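1. Predicted model and sequence follow; I will ask about them next.
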There are 2 protein chains.
Amino acid sequence: MAEDENKTETQPDAEADAAAVIAEPVGPEVFVIEAMDAGETEKVHDFVAELHYADFADLLERLSPDDRTRLIKTTRDIFDPEVLSELDETVRENVLAALGTQRAADAITELDSDDALMVFEELDEDRQKELLEQIPDEDRTFIEEGLSYPEDSAGRLMQREVVTVPSHWNVGQCIDYMRRKADTGEDELPSIFYDIFVIDVRRHPVGAVSLSTLLRSRRPVPVTEVMEEEMHEIAVDTDQEDVAFLFRQRDLVSAPVIDADGRLVGAITIDDVVDVIHEEHEEDIMRMGGVIEDDLYHASISTARARFSWLVVNLLTAILASMVIGIFDATIEQVVALAVLMPIVASMGGNAGTQTLTVTVRALATKELTGANAYRVITKEVIVGCFNGVAFAILSGLVAWLWFQSATLGMVIASAMVINMVIAGLAGTTIPIMLDKAGADPAIASSVFLTTVTDVVGFFAFLGLAALVLL
Amino acid sequence: MAEDENKTETQPDAEADAAAVIAEPVGPEVFVIEAMDAGETEKVHDFVAELHYADFADLLERLSPDDRTRLIKTTRDIFDPEVLSELDETVRENVLAALGTQRAADAITELDSDDALMVFEELDEDRQKELLEQIPDEDRTFIEEGLSYPEDSAGRLMQREVVTVPSHWNVGQCIDYMRRKADTGEDELPSIFYDIFVIDVRRHPVGAVSLSTLLRSRRPVPVTEVMEEEMHEIAVDTDQEDVAFLFRQRDLVSAPVIDADGRLVGAITIDDVVDVIHEEHEEDIMRMGGVIEDDLYHASISTARARFSWLVVNLLTAILASMVIGIFDATIEQVVALAVLMPIVASMGGNAGTQTLTVTVRALATKELTGANAYRVITKEVIVGCFNGVAFAILSGLVAWLWFQSATLGMVIASAMVINMVIAGLAGTTIPIMLDKAGADPAIASSVFLTTVTDVVGFFAFLGLAALVLL
């Protein structure tokens, strides 16, 4: 391995090689797998040494578990800890295992406190204990403290390395202090920061000074004169979703985090929030699609099991819809065209309702829909349902008439269509609003209820009207 | 109006009032509407004067167009331009109209160049011209230049106010330069920034220095010694989605924007990217729900029209599914239980396929799914389809058997269920992958194709098997 490392330094072309391979359509994974299969470990080692950590993380994610383990073992000595914070949870566990306990613990120790915590919190308890034993005392305390905050809270998200200055200092003192810190070793300064916080004797934050303000100000000016007093202090147990909302709402770049006594314990910066926004985004989309969590890297059997419960709920609602059809079996027996046409009514109601539902669920999530305008939104969606209901009544009525040569059948499907699309507008707004009021997440449960309503109403209206009119 | 403004300053309780009203469950909109109805314009004026611009924007969004216009007219003299960048597009047009051309142009002039551009680009051309005439020359040039870049490009997103220093300066010179700039008027310095850029004589960026690095360094150190040479230069016509991806991928906080000749023309900071991420997120969710754009604030008739085209596509697929049923009308006439049970098979296939589709579409969007692992993902989803297909074959088979007292019917639905869920796994992965390869957005079109496949296969497998076995 030491030989390999030497090789890297004496091979100036490796970077160019890496760039060329990335640009190629085959992708670096093909190159790496082929080189590993051919036993050319040096070539693989040189290639990985020149990769940016984010690209290496991508590469790892695209490999099969076996190739991944092989690649990590080949390049263990040049493993960049930053790779860990870029990986999907399942892949990360795989990589940590391949690194071995000692090397994994070293890598985690090298990370910033918030990144180390993020890697740590997703491991199972046994693995956490095993790794903690290999981590130096000071870092261990940091991680254990972090783990004591609730999951997905500000405490887990924040950086503990914060620059604080007393309120009686001036700009020059602040700058000198940071230069001194930098000279004596950077341990206590965060690697990058945008604001410094002014604190009183009890460590309560009294203001924030952005670095750009500090740099613009003359040395003798007191910090209290240039600091921004209006800060958005975040309690350490605030949910990360609320933190993200606050940052976006108030266009924040960083915010102090305080404990129950109002003392400054850390700071959250916007780059951490970007990851939260992305995570919540993934969660929203997955939930609307009936997937509990992103399972791209899970094994088939655990994926199937995780998706099973959602499908069971859907089976029950499908059976309910079938029972509605069952009521009218005598009618269908006499006019089999009803069986042919009935899915159209249910499906159009479901699609129109999903459109309404999507807009409503988003408006609730962004807090644009509240008690005050709920009535107006519901009314609007019912009117939209009327408009499109009439439009599709005409279209589907014509289709039914021409297909089965029955004007009455056309009238029946047209009437059922209007009814179902109006109900779709009503259900698409009221279901998520009621779920939200009841404290449930409207994104996940709404669609089941909605399709149940549009199926039941669709089949009932169409078959019921047919029974009345055609028999 | 002037009287109203006086009133604000002499009323110390207004802030407390504002806080109390916001905390109340009725929400500020009820308070404002009631006060306006009662003709208490002073009360409304004082209340609005104490609101944060983001809260005022929220309030405006929740009001009906008429109440919104009334409120803007009442508080026009204290209108905070920042409100504009927080508003939904439709609401913003409404607010600009209520402000009147002169006041609207003044407000836009007061904004930062990137915010002004954002407000501007969403207006129709006549309105743009009308407003541009009222805007001072210098700002007008800025806006016109910005509008010349493609929509949703880096050029539209960037801030033109960038701090640049020549490469022969030292840290002390940079700090003095910023202080001098600040003293002579802050026009040319951005209101907040995180990096300064080092440029050569041709204005090509050669490095970036973060403010935290600058503050930590001693005055005589040359900037070239502390600058980060590895920057991620963004071409001015890069799509904003790619910009957002790069920022997240590389954990960037700011990046220089260069023109075709490599000259520095601006900078993008992470706070702009947060808005892009949010916007793209909204778009993704809306598209998956069959909504072209967020229409919460649109009028009913234009909402209905916008959603119509998506529903037409769905009508066609529903008719296609009906035609499949039509093939088997003789079978259904003899065994009406088939009509009762057939939606179960189609619906379960649709739901299982949507789960697969959601994961696949996301993996494509985040570039986690590529040519190299596509085969593995497809195979996995087919296996997942097998597992759950068998599970739901057993469940639905039992239901059919018990309900209609026919083991044969149970066997038919069970077999059709396995077939449809395996096909759902296959279609849920291959459809978005093929659309992506063809250059289409897999988020918007995939679900129509998918439900067409699961409906057609579901009905055909179930009714076809029944025709073979039962007759």
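-> Structure's in. What do you need? All values derive from a computational prediction rather than experimental measurement. Numbering: from 1, shown residues only, chains lettered A, B, ... in the order given.

2. so who does the closest residue to chain B within the stretch 201-350 of chain A touch?
-> Here the residue of the stretch 201-350 of chain A nearest chain B is A:G289; by CB to the nearest CB that distance is 2.7 Å. In short, each C-beta sits where N, CA and C put it, glycine included. The neighbourhood of A:G289, defined by CB atoms under 8 Å, 6 or more residues apart in numbering or on different chains, consists of B:M288, B:T354, B:Q355, B:L357, B:T358, B:V359.

3. do the same with A:L59
-> A:P28, A:E29, A:V32, A:L51, A:L71.

4. 10 Å - rerun?
-> Residues in contact with A:L59 (CB atoms under 10 Å, 6 or more residues apart in numbering or on different chains) are A:22, A:27-29, A:31-32, A:47-48, A:51, A:67-68, A:71, A:83, B:372.

5. Same check on A:Q102?
-> Contacts of A:Q102 by CB under 10 Å, 6+ apart are A:L131, A:Q134.

6. Show me what secondary structure element comes after the helix or strand hosting it.
-> Here A:Q102, judged by DSSP states H and E, is contained in helix A:101-110. Note on helix A:101-110: by DSSP H and E, the next helix or strand toward the C-terminus is helix A:113-121.

7. Surely A:W310 touches B:A352?
-> Yes - shown here, A:W310 and B:A352 form a contact pair, counting by CB atoms under 10 Å, at 9.2 Å.

8. Now do the shared contacts for the two.
-> Counting by CB under 10 Å, 6+ apart, the residues touching both A:W310 and B:A352 are A:G290.

9. more neighbours, these two?
-> For A:W310 versus B:A352, neighbours defined as other CB atoms under 10 Å in any protein chain shown are more numerous around B:A352 (32 against 20).

10. residues near the closest residue to the more buried one other than its chain neighbours, how many?
-> Excluding the flanking residues, the one nearest B:A352 by CB to CB, 6 or more residues apart in numbering or on different chains is B:A424, at 4.5 Å. The tally of other residues near B:A424 (other CB under 10 Å) stands at 32.

11. quick one: contacts for B:A424?
-> B:348-357, B:381-382, B:384-385, B:388-389, B:450-451, B:453-454, B:457-458 are the contacts of B:A424 under CB under 10 Å, 6+ apart.

12. Repeat that for A:E86.
-> A:52-58, A:60-61, A:80, A:92, A:115, B:248-249, B:251.

13. of all those, which comes closest to A:S210?
-> B:D251 (20.1 Å; CB to CB).

14. Could you report the separation of that closest one from chain A?
-> 6 Å (CB to the nearest CB, to the nearest Å).

15. you'd agree that residue is up against A:D271?
-> Yes - counting by CB under 10 Å, A:D271 is a contact partner of B:D251 at 6.2 Å.

16. Tell me where the model's unsure across chain A.
-> A:1-26, A:185-189 (pLDDT under 70).

17. check whether stretch A:208-226 contacts chain B.
-> Yes - Stretch A:208-226 is in contact with chain B by CB under 10 Å from any CB of the partner chain, via A:S210, A:L211, A:S212, A:T213, A:L214, A:L215, A:R216, A:S217, A:R218, A:R219.

18. Please save the CA atoms from that stretch in CSV.
-> Only the C-alpha atoms of stretch A:208-226 are listed here, as CSV (Å, rounded to 0.1, in the frame of the first residue of the first chain):
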residue,chain,number,x,y,z
ALA,A,208,-24.5,39.0,15.4
VAL,A,209,-22.0,40.6,13.2
SER,A,210,-21.6,39.4,9.6
LEU,A,211,-17.9,39.1,8.5
SER,A,212,-18.6,41.5,5.6
THR,A,213,-19.8,44.1,8.1
LEU,A,214,-16.8,43.5,10.3
LEU,A,215,-14.4,43.9,7.4
ARG,A,216,-16.0,47.2,6.4
SER,A,217,-15.8,48.7,9.8
ARG,A,218,-12.9,50.7,11.4
ARG,A,219,-11.0,49.1,14.2
PRO,A,220,-12.0,51.4,17.1
VAL,A,221,-15.8,50.9,16.5
PRO,A,222,-17.5,48.9,19.3
VAL,A,223,-19.0,45.7,18.1
THR,A,224,-22.3,46.6,19.7
GLU,A,225,-22.5,49.4,17.2
VAL,A,226,-22.2,47.3,14.1
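
19. now the helices for the stretch 1-150 of chain A?
-> Assigned by DSSP state H, counting those that start in this stretch, the stretch 1-150 of chain A shows helices spanning A:2-9, A:14-23, A:28-37, A:41-49, A:53-62, A:65-74, A:82-86, A:89-99, A:101-110, A:113-121, A:125-132, A:137-147.

20. Show me where the stretch 151-300 of chain A has its strands.
-> A:164-166, A:195-199, A:205-210, A:234-235, A:254-258, A:264-269 (DSSP state E, counting those that start in this stretch).

21. got a markdown table for those, with mean neighbour count too?
-> Listed next are those as a markdown table, based on neighbours: other CB atoms under 10 Å in any protein chain shown:
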| stretch | mean neighbour count |
| --- | --- |
| strand A:164-166 | 16 |
| strand A:195-199 | 24 |
| strand A:205-210 | 21 |
| strand A:234-235 | 20 |
| strand A:254-258 | 24 |
| strand A:264-269 | 23 |
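
22. My guess is A:L468 contacts A:A416. True?
-> No - A:L468 lies out of contact with A:A416 (CB under 10 Å); the separation is 11.4 Å.

23. For the two, indicate the residue with more neighbours.
-> Counting neighbours by other CB under 10 Å for A:L468 and for A:A416 shows that A:A416 has the greater number, 31 against 10.

24. so that one sits in a strand?
-> No - counting by DSSP: H, G, I helix; E, B strand; the rest coil, A:A416 falls outside a strand, being helix.
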